[in-house]
Structure formats: structure tokens, C-alpha cells
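Trainee: Next come a sequence and a model predicted from it.
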Amino acid sequence: MKVTQSAKEKTKAKILAEAVNLIIEKGFKSASMREMAKNAGVSNPTIYNYFPNKEKILYAYVEQKHKETAQILQDIEDFHTYTLREQLQTLIETELELYLEDREFIIQIADMVFQSGGFKLDLLYDSNAMFREMVSDMLSIAIEAEEIPNPPFEEHLPRLFWDYYIMVVAYWVKDDSEMFENTTLFIDHSLGVIEALLQSSILNRANDLGMFLFKTHLLSALERFSVKKSGFSKIKRKFGEVFNDK
Amino acid sequence: MTSNRGQKKIPTSRVSRGAVVGKAMLKIGMTSGTGAVKRAFMSKEDKEVAKSETHAQIAKVIIDSLGTLKGVSVKIAQQVALGLPFLPQEYLDEISKSFNAIPPINKALIRKIIKQELGDYPQNVFDSFESEAFGAASLGQVHRATKGKKELAIKVQYPGISRSIDSDLSVIKFGLSRFAKGQDIDHLMDEVTERLTEEVDYELEAQNTKYYEENLNHELIVVPTIVEELSTKTVLSSTFLEGKSFETFLKGNPSQEVRNHYAQLIFDSFFMGLYRLKMIHADPNPGNFIFMADNMLGMIDFGCVKRVDSEFLNGFSKLHILLMDNASDEVVAEQYAELDMVDRGEMEEMLTFYRSAIKPLDRIYIEIFAQEKYDFKENNDFSERGFNTIMDVQKNQRHAVHKMNADYIFIDRTLLGYYNMFEKMEATIDTRFAQSLIRERG
């Protein structure tokens, strides 16, 4: 059982690598599943067992990189001595570094996502569970160690961080500085901001202010309106959803 | 662990850097304006005070923005303090405050830089690597590591430094040109630019270090061995020298004999470098010396060196011999003309210029050579007198600066830095060896 599982993984990795190469060579649209299968030395039906369509290959690629990143981070002996910011920065830098050899591939994907709109970024969220988990772990450890105060919307932060990461990738794709030095600096500086935000109580204070305004003014206003006009109850429910959601 | 926290980040992107530069310029303009308006309604004495206030304000503005820029600016500030003696005291004070600020490189960045420069993560390149820096270095920081049986010191540079030199220098230049009216600061700025460009190039530093190691040949002076396969333009690996820092050394209350010994080694190594290697370690920072076991002295950080040529050495030696032998002012002035520090012309003019602009400095520099030994404990105001004399001379002769031979200034200024160390060590040095080197050449 175990052997088949690892054999499967191997085949999957092989297909993935060949697919990426082919996409770099021919472009996402022109690269056919048939040729990918041929290059990977698997039959045409087999490739569909692994990847029902081309997009799934992309998700698998992203997932694969997360896995490799997680492994690399695990191998850092003194990772626990890193500050939250250093951990997050290492995560981002490692992911980018793994992308480096497939930069052409990433550029194509980025074009599809940001330019032609042929691709919905949202779809990628499904494949980033591992990334979010890593971020979530780092955050909760930092909170527990009292490195940062407990932030509001904690469970949403990993997703926000993923959005930030996408921004970094977008920057990197356009970066033409030597050794992508600008991206390194962009990451260093922007994480400085994120670190400062997380360490300060700004997030909490903003949340307090929002809640105060909502409870004191909006809520009572809505109550008044809802008595007069039943149509407002709909809006009220919507607001309620937003805040219950947290 | 949390040492990096709360420090302002260094703006290295062109946009933010430009913004800081712009802001600094705007502020300098405003401050000068304020001074001018105030001065118009003041008595002469008050004007002087106001002028000095304005200077202090400008100094603060410049240094404030340099503080934001950090990195290269700190180095520029040091170089400026070293190379531009005509700066008002307020500027020097502000500059000296910024001396110890260096940009932090966190653990994530260190990993990235090592991987990028040396091809693999620190844990794979080295047998052990301390991700916490143990010291600051020129425009970067130093980490300890081991590989095989070797203890190593790995110097790592903050990314983007070399690209930010130009924009940093433009702030300085603008700031300086506001008050250095009529003075030619261009060649000094060129000198500073050159030094800085050299200093961010670790490959050059590796070469310099090797050159020193191979040629200094002094049984008590140790220069680190560069590990070439682990060095690049922004990462410099060398053997680690175990020993005490200047401060720790002094805190341990070393005997007079030991203090004299080390001061002597430092002093002699300077002249050996100058005359035999034609290259001096031009950064008189006590941090560049390591007080090792068995009376050995470690010399590190060859990022800031100054090379001299034979022609200069000949002129320099002749001049010092004349001064040591109390030659007449005419003869000395003639020699200065030879060094391009006095314009050739009527002897009367040359003498007037020499006596007002240069002679007071001569007396300072030659003072230690008057006897075989010089006691810095008795003369612990030596470097201060030196700097004050420079100030006085500059006040009287505003146009004097451009006459100075940059090499000459550089060497004397570096020596003054060394003497400042000797004062703190309360050491007595024997000047005979240095004198013999000078006389050999002349």
C-alpha cells in the first residue's frame, strides 16, 4: 500500500515537472495534456487519473511548492528562535526561491491571472490550505508566546497573508533588478510594516472603534429605522452577518 | 532576539529614498532661510550665535535624514568626518552620534543571502552557523560559523547598499555645499565616493586582506585568512580571530607594559603598511583591532584602505624629515609647493599662506616625532588639540581646503584617529622605528 502510494507520488511529481517544462516551452494554452503524458512516460488515460484538466496541474504545482517549503522550514534547526516576522519572511523567500527555476511558468500564470483575466485567483485558494496552515501556526505560536497581542479576526489573517504573498509574487514577476534584489527589499520592508501592525494594538483599536460606532450609532439607527420601515431589517441582517461572521 | 525590533527600516527603494532626499533638501532650505531672516535684525555677536544655531539645525536636519537612510549614509558620515575637517563642530557632533547605527539583517534575510551568494542554506554550507550576528561590520554584519576545524567569521552585506550610494551622496553634497561656500568639496566628495564604492565591494576587501596577510610579515600581527570559495561580492568569509575588543581590553586594566606593547604594534604596523606595503588601513576604528592571546594583535576589516604611490611617499617623507629637523619656513613651504598644497608664487605669499593655513597643523603632526618616545598619558589632549587646530585653521582660511593634498590629509587624519586610541590606552610609544622608515625613504 505504502509503496503504491509513494510510486503514485513519484509519477505525479514526474508529470508535474514535465507539464511545467512543456508550459514554459509552448505556453499554457498550447501545451497539451497528451504531450505532457508522453514526456512523462505515462499513458494518455493515466494523466487524467492524476489531473482531470490543465488547471488542476497548476493547483497541484502550487501545492507541491507549499509542501517543499514546509519541508525546508522544518529543516531549519533554530527556526523556533526566529521572530514571527523572520518566520513569515523565510516562508515567503523560500516559496519564491522554489519558483525561481520555473520563473517562466510563473510569469505565464501571472499573466493569465492579472492581465487576460482568463484565470480566477480565487480558484487558487483551494490549493493553499497548507500555506495558510503554516501561517496560522506561526501566528498562534507568536500569540501564545506573547510576541504579539491577540489580533482581531485571527482566523482571517492567514488568508490575508496569502493575498499579500500574491502581491509579492506579482512584484517579483515584474522585477528586473539584479538578482531580484528589489523583491528582496520589497519583502523586507513590507514585512516590517506587517510586523509593526501585528505588534501594535492598531488592529485591536480599529476593531474597538468599529464596534463602538456600530453599537452606539448604527445599531440604534437601524433599530429606529426598522420600527418605521421594515425594509431596513434586511440591511440590518446583512450587517449582522458581517459581524457574526467574525 | 528582539533587537531588531522598533528600529526604523532602511528605505532602499528608489521612490522612498528619493522622498527622504527631497525632504532633507527642503528642510535645509527652510532652516537656512530662518537664519537669514533672524540675522537681518541682529547685532554682530548675535549674528554669530544665530549662525551657529542655524548650523546646528542644518546639521540636525542632515543627520536626521541620514539616520533614516542609514546604511551607506553612516559610512558617508564617518568618511565626511574623517575627510572634511572644515565641518563646523556641530556637524561633527551630529555625525558622530550616527556612527554606530547599522542596518539590521534578520535571520530570514541572512538565510536568503547565504543561499543566493553561496548556493545553499547556511546549515548546508557550514557545519554550524549562528543566525544571530555577533558584530557589526562595514555596511553589514558578521556571523560566526564553523566549517571543518575552522572557526569562521562571515561578513554579510545588506542588499541594495551599493545601489544607494549615489542618492545618499547627493544629500551630503547638497548639505555641504550650503555652507562650504566657495570651497571646493568636489574632490573630497570624489574621494568619499571612491572609498565607499570600494568598501561595498567585498571582493576587493578580500584582495586587500590577502595582500596584507601575505606581505605584512610581522610575527605578532595576525590578519584573517580569507576563505575564497565562501566569499563573493557581498559575503566575505575569513578565519575568526579570537580575542578581546578594544573596550574589553581596556576594562581588564592591562598593565602599562601591555598597553604600550599594543599601542606600539598598532603604530608600527601603520608605518610598515605605509612604507612597505604602500597601503594603509585607513579606518582608525578601535573595533578593527583584536587584542589576542600571547601579545598578538589581530587586524580586521580591510574595507577601507588607502593606497599611496612612491612619488607621494617621497614627498611625504622629505616633508617630515624637514619638519623633524626644524627646517626653515621657506624650505618647508617649498616642499609643500612640491606636494601641491601651496600654490607656487612669490615666496612672501607662499610663506603667508603656509604660516596661516598649514604650519599650525605641522606642529601637531610633528610633535610626537620630536623625541624618541611620546607619552599619550601626559598628552591626552593630543587628538583634541589636533582637531581644534584644524578647526581654527579652517576658520581663518576658508579657501584652504582645496589646497590640501587629499592623500596627505587622509594619512594625517588617520594617524590622528590612531593617536586618539593611544590616548585612551594612556600608552607611551617609541617613534624610532617610524622615524627610521621615514628617513630611509627621504
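Mentor: In hand now; what should we look at? Numbering: from 1, shown residues only, chains lettered A, B, ... in the order given.
Trainee: going forward, measure contacts and count neighbours with C-alpha atoms only.
Mentor: Will do.
Trainee: can you list contacts of stretch A:76-84?
Mentor: For stretch A:76-84, contacts defined as Cα atoms under 8 Å, 6 or more residues apart in numbering or on different chains pick out A:73, A:87, A:138-139, A:142, A:147, A:195, B:1-2, B:107, B:123.
Trainee: I misspoke; the intended subject was stretch B:241-260.
Mentor: Stretch B:241-260 is contacted by residues B:224, B:286-287, B:289-293, B:295, B:298, B:425-429 when judged by Cα under 8 Å, 6+ apart.
Trainee: Any of the contacts of stretch A:76-84 buried? List them.
Mentor: Among those, those buried by neighbour count (16 or more other Cα atoms under 10 Å in any protein chain shown) are A:73, A:87, A:138-139, A:142, A:147, A:195, B:107, B:123.
Trainee: just to revisit the earlier point, would you convert the contacts of stretch A:76-84 into CSV that also reports secondary structure?
Mentor: Formatted as CSV, the contacts of stretch A:76-84 follow (DSSP: H, G, I helix; E, B strand; the rest coil):
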residue, secondary structure
A:Leu73, helix
A:Gln87, helix
A:Met138, helix
A:Leu139, helix
A:Ala142, helix
A:Glu147, coil
A:Glu195, helix
B:Met1, coil
B:Thr2, coil
B:Lys107, helix
B:Gln123, helix
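Trainee: Closest one to B:Phe410 out of those, please.
Mentor: For those, the minimum distance to B:Phe410 (Cα to Cα) is 37.2 Å, reached by B:Lys107.
Trainee: just to confirm, which helix or strand has whichever residue of the stretch 101-250 of chain B sits closest to chain A in it?
Mentor: Of all residues in the stretch 101-250 of chain B, B:Ala108 sits closest to chain A, at 4.8 Å by Cα to the nearest Cα. For B:Ala108, the host element (DSSP states H and E) is helix B:107-118.
Trainee: For chain A, what lies in contact range of chain B?
Mentor: A:76, A:81-83, A:86-87, A:89-90, A:93, A:181-182, A:184-186, A:188-189, A:192 (Cα under 8 Å from any Cα of the partner chain).
Trainee: Tell me which of those residues fall in helices.
Mentor: Counting by DSSP state H, the residues of chain A next to chain B place A:86-87, A:89-90, A:93, A:181-182, A:184-186, A:188-189, A:192 in helices.
Trainee: Can you flag the buried ones in the residues you listed?
Mentor: Neighbour-count burial within those applies to A:86-87, A:89-90, A:93, A:182, A:184-186, A:188-189, A:192; the criterion is 16+ other Cα under 10 Å.
Trainee: now the residues you listed in JSON lines, with pLDDT?
Mentor: Shown next, in JSON lines, are those (pLDDT from 0 to 100):
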{"residue": "A:Glu86", "pLDDT": "93"}
{"residue": "A:Gln87", "pLDDT": "94"}
{"residue": "A:Gln89", "pLDDT": "95"}
{"residue": "A:Thr90", "pLDDT": "96"}
{"residue": "A:Glu93", "pLDDT": "95"}
{"residue": "A:Asn182", "pLDDT": "89"}
{"residue": "A:Thr184", "pLDDT": "92"}
{"residue": "A:Leu185", "pLDDT": "88"}
{"residue": "A:Phe186", "pLDDT": "92"}
{"residue": "A:Asp188", "pLDDT": "91"}
{"residue": "A:His189", "pLDDT": "88"}
{"residue": "A:Gly192", "pLDDT": "88"}
